[in-house]
Every structure is written in C-alpha cells, then in structure tokens.
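got a sequence here, can you build the structure:
(chains A and B)
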Amino acid sequence: DVKVTQSSRYLVKRTGEKVFLECVQDMDHENMFWYRQDPGLGLRLIYFSYDVKMKEKGDIPEGYSVSREKKERFSLILESASTNQTSMYLCASSPGGATNEKLFFGSGTQLSVL
Amino acid sequence: GQQLNQSPQSMFIQEGEDVSMNCTSSSIFNTWLWYKQDPGEGPVLLIALYKAGELTSNGRLTAQFGITRKDSFLNISASIPSDVGIYFCAAPGNFGNEKLTFGTGTRLTIIP
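Here you go, the predicted structure:
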C-alpha cells in the first residue's frame, strides 16, 4: 500500500532553533511537496521537488528551505524557527508526469514554536 | 498565487442530512479536484473533474465542474458519521506539470 511517512506527529521547539521535518515515501514517486495547513487558510505550498537535488519555491517559501538528496526523502528545514511558523505541516508525493492531480499525503506534523 | 475560496467555512449538520459546499476562483481552470481530510490524517483525493458542466459521483458524493470553469460544487447525500472532516477543493495550473493550489477548506461536523 502507498505510504508517505512523516517522522514526527508532534514537535515543540523554541524560537530561534533550527528545525528539521523529515518525510519519506515508499512509492518511487518523482515529485514531493511540503504544505502547511492553517485554519481558514487551507493548504499552502511551501516548496516542491520534481527530482533528486532539485527544488522549487511554492507560494510561501520565506523562512524555509528544503533538501532532497535521495528520491524517497524530502526534508523541510526551518533555519531559525519563529512563532508564526507554528502550524500543521503536510508532506505529499505524486508519481510525476504532466500533471500532479493525485497527491498522497502523510499524516502531518503539528509544530509548536514557543 | 491563485486563490480558491470555499464556502461555507464550517457546517454543523445532523446525521442523514444532505450537504452542499462550493469552491470559487477568479481564474479559469481545466481541472477541479475534491479532497477529504479525516481527523488526524492527510487529505485523500475523492473526485476529479475534467470538463465544464461535468457531473461525477463517488458513492454518496457528487461533484460538478461549473460551466464558467471558475467554480465547482460538492454534494453529500444522507450524511453519516464517517463524513466528518475537512473538504478541500484543488486545481492544478493550466500549463501542465504545475503545482496544485488548494482551497480554504470546509469543515463538516455531524451533531449527534
């Protein structure tokens, strides 16, 4: 069965800390995505990647970076966490090709920055 | 980026009731998608629509691609407890291989 695994379900960090959110998919998908989910704002795309070592900015990349050293793993990095980055973070993958309609999501990481 | 506005933001209904929600945009899309997020899980694709005016069903769920191509609608008939969750519309860019934009979401709660 298709699986996207996010390393932590809940994380609590302090302002200024460097934070790593890890995501692994076991479907050999080309594309991987990081979204954040906030009440009333829906899902907003932070970064995405169409290939190993490749990354593209989404709609809200400020304050974040990503790393994709292996096809199955896509990491989201908060260089210096701030309280406005408290949110639910969702990782997703898709097979690739011309469209990205069917995304497979992980269960999410609820990050609290104090 | 493009914005997809969903209405209503939340709904409180009794089991057995029918549900209607919609998604609107100022931009035209060639594809509309509906996802559902169960509590504590990531969203899952429910229905995909590819043609203006198209009506597609998935069990008790029916979705429509608006004639103007700027909106889409989702109906749930005879709601049951497992329908609880957040429903998102989504649309890809129109030039191929582009990211999905998601709507603001409609949270459905069933009152016992």
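
going forward, measure contacts between C-alpha atoms and count neighbours the same way
Fine.

buried residues in stretch B:87-103?
B:Y87, B:F88, B:C89, B:A90, B:A91, B:P92, B:G93, B:K99, B:L100, B:T101, B:F102, B:G103 (16 or more other CA atoms under 10 Å in any protein chain shown).

now do the same end-to-end measure for it.
End-to-end distance for stretch B:87-103: 9 Å, by CA to CA, to the nearest Å.

okay, which residue is most central for chain A?
A:W34 (2.7 Å; CA atoms, centre = their mean).

not counting its neighbours along the chain, what's nearest that residue?
A:C91 (4.6 Å; CA to CA, 6 or more residues apart in numbering or on different chains).

please give the element, helix or strand, for the one you found.
In this structure, A:C91 is located in strand A:87-94 according to DSSP states H and E.

how about the CA coordinates for that strand, as CSV?
Extracted C-alpha coordinates of strand A:87-94, given in CSV (Å, rounded to 0.1, in the frame of the first residue of the first chain):
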residue,chain,number,x,y,z
SER,A,87,1.3,25.1,12.1
MET,A,88,0.4,21.7,10.8
TYR,A,89,3.0,20.6,8.1
LEU,A,90,1.9,18.1,5.5
CYS,A,91,4.3,16.2,3.1
ALA,A,92,2.9,14.8,-0.1
SER,A,93,4.2,12.9,-3.1
SER,A,94,2.9,12.1,-6.6
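
now the helix or strand just after it: how far from the chain's centre is it?
Downstream of strand A:87-94, the first helix or strand assigned by DSSP H and E is strand A:104-105. Offset of strand A:104-105 from its chain centre (CA atoms, centre = their mean, to the nearest Å): 11 Å.
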